[in-house]
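Trainee: Sharing a model prediction with you, sequence too.
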Amino acid sequence: MSEESNDQLEKEEDVESAIIDSLVEKAPQLILESSNDNKIETTYKDTITSTTNGDASNDIKDIVDEAVDIKENVHNEEDDDQDDEDEDEDEDDEDPPILKYTRLNQLPSNFFSKDPVSASNFHDSYFIFATHSGVIHICNPDFTPVRTFKAHRASVLSIYTDGIYFATGSMDGTVVIGSIKDEKDIIAYDFQRPIHGVVLDRNYYKTRSFISGGMSGKVIYSSKGWIGKRADVILEEDNGPIVGIQLIDDIVIWMNDKGITVFHLTARQIISLIEKPEDSHRSDLFWPRVTYPEVDRVIIAWGNYIWSLRVSLKTAGDKDGSTPSSSTMGKILPSTASISFRAIQEKKVEIEHIFKLDFLISGISTFKDDLWMVLTYFPATIAENEKRIFHNPEIKLINSSTGEIEFEEELGLKNINNLGLNDYTLGHHIETNPKYYIISAKDAVIAEELQLSDRLNWYLERENYYEAWNISEHLVSAIKRLNYGVQYVDNLIQNNEWDNAAIFLQQLLYIDLDKLPDSDARSTTITARSNSSQEERDQYIKEIVSQWQTWASIFINSNHIKELTSIIPTSARLSLSAKVFNDILSHWLTTDVDIFNKLLNDWDIEIYDHNLIETNIETVLSETSLNDNVIVSNDKLRRCLTNLYTKSYQPIKAVPHLIKLNDENIIKYLSDNHILNTFLNDLPVIIKLRFKGNEHQKDINRIPITQLESRLSDIVDVLVENRHEILPKTIIDLFNKNHLNFMNYFYLEKLNLTDDFLVQSFGNERIELYAQYNRSLMLPFLIKSSHSSDGSTNESNSNYDIFKTIELCERNEFIEELVYLLGEIGENKRALMLIIDKLDDPVKAIEFTKRQNDKELWNLLLDNSMSRSNFVKSLIENSDDNTNLYYDPITILKRMSSDINIKGLNKSIIKYSNNNDLNLLLNQLILKLFYRQAENSSLEFRSQSLKGWEVDINDLQTLINQFETILVLKNSTSIDYKLMSDYINNDHNNNLFNDLGKKLSHLQELKLELNDSKPINSG
């Protein structure tokens, strides 16, 4: 920039500064004293005239308008405050907003108030703001200033930066380009007409080229000429004012009355033209807004339309000849590409979406989740009093795929009167939490997406503690989050929502018991830890226990034990006060026995005072009446008490209650708890509990023994299992005393199967029990035991008195058993006579006599049989070799009385005779078989001994000539011929044998000498 230009700019700046300072100084008094807009405007104009001698800039009119806005804002301030309060009340029940807003107050103090902002640009590295007075302010993204200077005489309408250089276009028709850091590297170009858009070539630091456009209607490509002067090339003209120019890589996009033109700098040609819709607004009335979501995408918002464009490389299939020619443009457009021999990669532009909206757009940016953030503008409306009403802009989030509005919110910008769409802009800067900048000429607001911490604060401000607790898991400490939940519970209880409070408490105060330390919670929380995280965990557990204690007391004191019962933690490791559980149990003891019983079954006995609860139950049982309903309830309660005594290791106290309950499983209970011996004398009572009604007591002995056994088998099993704790004699004496002999029978039988040694001394008892309950077992038992003739037991499994047993059998007429016993003591004749006289069983008599093998006994049998036809018949039929020593059938026939009529005697004699003939025939056949077999064996032996072997003389000629014995050696597969001299050297080898005997003897000797198993067939 020349020195003259700089001097001129400085003079103009001084004049306008003086004007502004004078206005600002007088403004407060004017606003307060004036009663109408005309007076303010007249006063301001007089001030301007007196200050500048009537030669002030036309832009001062904006200051007058601002004064009017200030007055209106003052008048309406109280109403706005009241509206804000009403809105705050309405928002209490809403969800947190998506965005939060903070007012931007880090720009120079005269911005907005004294010097309205006219343009802004938000680069990754720098922010640039410009005002209507032509002041440029460059700062870092944190708003630390880089430099502030006046660059133009009038409003700055366009700003561009690549992070190294900046370019601004102004209403005064100038373009200023300079280095951001180097204040001396700056230059200004005057195009004589207002500049609405300017961008720098992507290689500006080399080419010093830029593109600009404005009210002239020309898109001008300016570059440094050969002699250092500016060389301009017009890319397009005569299509109305240029209202915007944008650059993406080597693609330039400008907007005018024709529409949206896309120009490829490298190819030096227009590659796309998007015509303006016929129903769109006038081009220069509402300027377009552009954002770049990605390096190859452009979003253009213009008026009430949005275009989403995608820039990509053109493929072979895209070359259809529709692209405008670049021949003429290539000749006039200076570029490094024009002298390059490298192939140019052509590009194309595709329209992805076009959306028509119901509102005007003053800014657009990308948001998360495929959403666009749109800053909308609503023109002023005329009220009934013909006063213009200005509307705040709104933020809307629009789905980029469907165009649907998903969120909208009105902003609260200040000093919006007389502002148009072009006075607003929306910029964004990508950070950890992206920020969106809503800039108006007179105010600026920063919008940010509400983070979790912001949402938390929002909920806390509105005392929505449930949502605060719900989202704060990873935002605050565990104890602080716990406090949010506690406050929510407190709110629920204040609203009398005890059920909901209980449900949430269970969730809020939950502890994973698997993660608890081995020791109890109290000791854990007071133990010093070196690990800070563990200390925090211990402190949290301590707080949980404390909260449970507090809320349990609140629920109990408020008579809401029902709600508390279902949520209270019952782990002993938490060490909650036993009083809490005592109170809960005491409540249910008197209100619902079923719930009381369930709690006793489910809860660990360590968490409550079982002695207190047992005492309470005993008291209730002793005080209740005896109607039917109470009896049922008492039985349940008594059952609870027995279970509690069992859990508290007091089974002895439980037994009396089990007896009152007529519990059939008492015997097992006694055994399991090892107290059977303590209640031994109660066994008869316990046994009788198995029988009810008519079966009880005196009628019990009338029940069939098999039924008794099935009902009492478990008791018998328990007694046998405890045979070493309670001796069998004690059991037997007890049952005898109580007239329960059948129990002795069951007991001794089971004991005999389990441990027969213990029953050896109970032989007499067993015999008596067999006689009473199961006679079929008596005889096998007696047979199993063996006695000598004097009555002593030899190698017996049981001891019993044989003479008492004989008396018992005689008394009960057990003949078979008595026969056996008499036989055992040697009274065989008496025993035989019992068989003959009492049993009248000839077969048993014969078998008994055979076992004794005594001639006198046989004679006794024969003598007493001759007059009994059945005995005679049996003696004949059962005669055999064993009886031949003592009698034969012929003798029987001779001895029997002639007057006895024996039915079937003929058949018996024929049977006997047939049996004898058959025996003789069988013996003869067997003898013949023996003879025949012996004969065949002898003949075979003789044949083999005399057998020779036929040989071919020609084959053995050589051997025969030697006149020696030839050995024929044969096995299963072959025959071999050898001279005997090859094997044996004996004197008689060459001797001749004149008889068979010598030859056989010779062969035998050969076999022995050869010591070979191969047969010698001939020689």
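Mentor: Sure thing, it's come through. Numbering: from 1, shown residues only.
Trainee: need the contact list for Ala771.
Mentor: Applying CB atoms under 8 Å, 6 or more residues apart in numbering, we find Ala771 in contact with 778, 808, 812, 814. (C-beta placed from N, C-alpha, C; glycine too.)
Trainee: Take those and write them to JSON lines, including pLDDT and neighbour count.
Mentor: Shown next, in JSON lines, are those (pLDDT from 0 to 100; neighbours: other CB atoms under 10 Å):
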{"residue": "Met778", "pLDDT": "90", "neighbour count": "23"}
{"residue": "Leu808", "pLDDT": "90", "neighbour count": "21"}
{"residue": "Asn812", "pLDDT": "89", "neighbour count": "14"}
{"residue": "Phe814", "pLDDT": "89", "neighbour count": "21"}
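Trainee: Relative to Asp663, which of the residues you listed is nearest.
Mentor: Met778 (36.9 Å; CB to CB).
Trainee: The closest one - that's part of a helix, no?
Mentor: Yes - with DSSP: H, G, I helix; E, B strand; the rest coil as the criterion, Met778 is assigned to a helix.
Trainee: So it sits against Gln772, correct?
Mentor: No - counting by CB atoms under 8 Å, Gln772 is not a contact partner of Met778; they are 10.2 Å apart.
Trainee: how close does the residue positioned nearest the centre of the chain sit to Val489?
Mentor: Per CA atoms, centre = their mean, the C-alpha nearest to the average position across the chain is that of Asp512, at 15.1 Å. Distance, Asp512 to Val489, by CB to CB, to the nearest Å: 21 Å.
Trainee: ditto for Asp182
Mentor: Asp182 is 64 Å from Val489, where distance means CB to CB.
Trainee: Pick out whichever of the two has more residues nearby.
Mentor: Regarding Asp182 and Val489, a neighbour count based on other CB atoms under 10 Å identifies Val489 as having more, with 23 against 10.
Trainee: what about the closest residue in space to the more buried one that isn't next to it in sequence, how many residues close to it?
Mentor: Closest residue in space to Val489, ignoring its immediate chain neighbours: Ala501 at 5.1 Å, by CB to CB, 6 or more residues apart in numbering. By other CB under 10 Å, 26 other residues sit near Ala501.
Trainee: my read: Ala501 touches Leu492, true?
Mentor: Yes - here Ala501 reaches Leu492: they are 4.0 Å apart, a contact under CB under 8 Å.
Trainee: So, low pLDDT: which residues of the stretch 701-850 of the chain?
Mentor: Applying pLDDT under 70 to the stretch 701-850 of the chain picks out residues 786-798.
Trainee: go on, the stretch 851-1000 of the chain?
Mentor: The model of the stretch 851-1000 of the chain has pLDDT under 70 over residues 881-882, 884, 890, 894, 897-923, 925, 947-1000.
Trainee: Apply 50 and report the result again.
Mentor: The model of the stretch 851-1000 of the chain has pLDDT under 50 over residues 963, 987-990.
Trainee: ditto for the stretch 501-650 of the chain
Mentor: Using pLDDT under 50, the flagged stretches of the stretch 501-650 of the chain are 520-530, 627-628.
Trainee: And the helices in it?
Mentor: 521-526, 532-557, 561-565, 578-591, 593-602, 610-623, 628-647 (DSSP state H, counting those that start in this stretch).
Trainee: Reformat those as TSV; add mean neighbour count.
Mentor: Listed next are the helices of the stretch 501-650 of the chain as TSV, based on neighbours: other CB atoms under 10 Å:
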stretch	mean neighbour count
helix 521-526	16
helix 532-557	17
helix 561-565	19
helix 578-591	18
helix 593-602	16
helix 610-623	15
helix 628-647	17
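Trainee: Those helices: which one's closest to Asn470?
Mentor: Checking the helices of the stretch 501-650 of the chain against Asn470 by CB to CB gives helix 532-557 as the closest, at 17.8 Å.
Trainee: chain center to the closest one: distance?
Mentor: 28 Å (CA atoms, centre = their mean, to the nearest Å).
Trainee: got the angle between that helix and helix 578-591?
Mentor: 30 degrees (axes from the mean of the first three to the mean of the last three CA atoms, to 10 degrees).
Trainee: Summarise which helices and strands helix 532-557 is packed against.
Mentor: If you count contacts as 3 or more CB pairs under 8 Å, 6 or more residues apart in numbering; DSSP states H and E, helix 532-557 packs onto helix 478-494, helix 498-508, helix 521-526, helix 561-565, helix 578-591.
Trainee: what about those, which gets the closest to Ser945?
Mentor: Closest of the helices and strands packed on helix 532-557 to Ser945 is helix 521-526, at 107.5 Å (criterion: CB to CB).
Trainee: Give me the subset of the contacts of Ala771 that lies in helices.
Mentor: If you go by DSSP state H, the contacts of Ala771 have 778, 808, 812 in helices.
Trainee: Which residues are in contact with the first one?
Mentor: By CB under 8 Å, 6+ apart, the contact set of Met778 is 767, 770-771, 814, 817.
Trainee: out of those residues, who's nearest Met373?
Mentor: Checking the contacts of Met778 against Met373 by CB to CB gives Tyr770 as the nearest, at 104.6 Å.
Trainee: Please, which helix or strand holds that closest one?
Mentor: Assessed by DSSP states H and E, Tyr770 sits inside helix 763-773.
Trainee: May I see the buried residues of that helix?
Mentor: For helix 763-773, the neighbour count (16 or more other CB atoms under 10 Å) marks 763-771, 773 as buried.
Trainee: any chance of those residues in JSON lines, with distance to Val219 too?
Mentor: What follows is the buried residues of helix 763-773, written out as JSON lines (distance: CB to CB, whole Å):
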{"residue": "Gly763", "distance to Val219": "132"}
{"residue": "Asn764", "distance to Val219": "135"}
{"residue": "Glu765", "distance to Val219": "130"}
{"residue": "Arg766", "distance to Val219": "128"}
{"residue": "Ile767", "distance to Val219": "133"}
{"residue": "Glu768", "distance to Val219": "133"}
{"residue": "Leu769", "distance to Val219": "128"}
{"residue": "Tyr770", "distance to Val219": "130"}
{"residue": "Ala771", "distance to Val219": "134"}
{"residue": "Tyr773", "distance to Val219": "126"}
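Trainee: so which of the residues you listed would you say is closest to Leu419?
Mentor: Using CB to CB, Tyr773 comes nearest to Leu419 of the buried residues of helix 763-773, at 117.0 Å.
Trainee: which ones are touching that closest one?
Mentor: Per CB under 8 Å, 6+ apart, neighbours of Tyr773: 705, 741-742, 745.
Trainee: Same question for Lys396.
Mentor: Lys396 makes contacts with 359, 373-374, 376, 405, 407-409, as judged by CB under 8 Å, 6+ apart.
Trainee: Please report the number of neighbouring residues for the residue lying closest to Thr642 once chain neighbours are set aside.
Mentor: Nearest non-adjacent residue to Thr642, counting by CB to CB, 6+ apart: Ala654, 4.1 Å away. Counted by other CB under 10 Å, the residues lying close to Ala654 total 25.
Trainee: what about the helix or strand containing Ala654, average pLDDT?
Mentor: For Ala654, the enclosing helix or strand under DSSP H and E is helix 651-660. Taken as a whole, helix 651-660 has an average pLDDT of 91.
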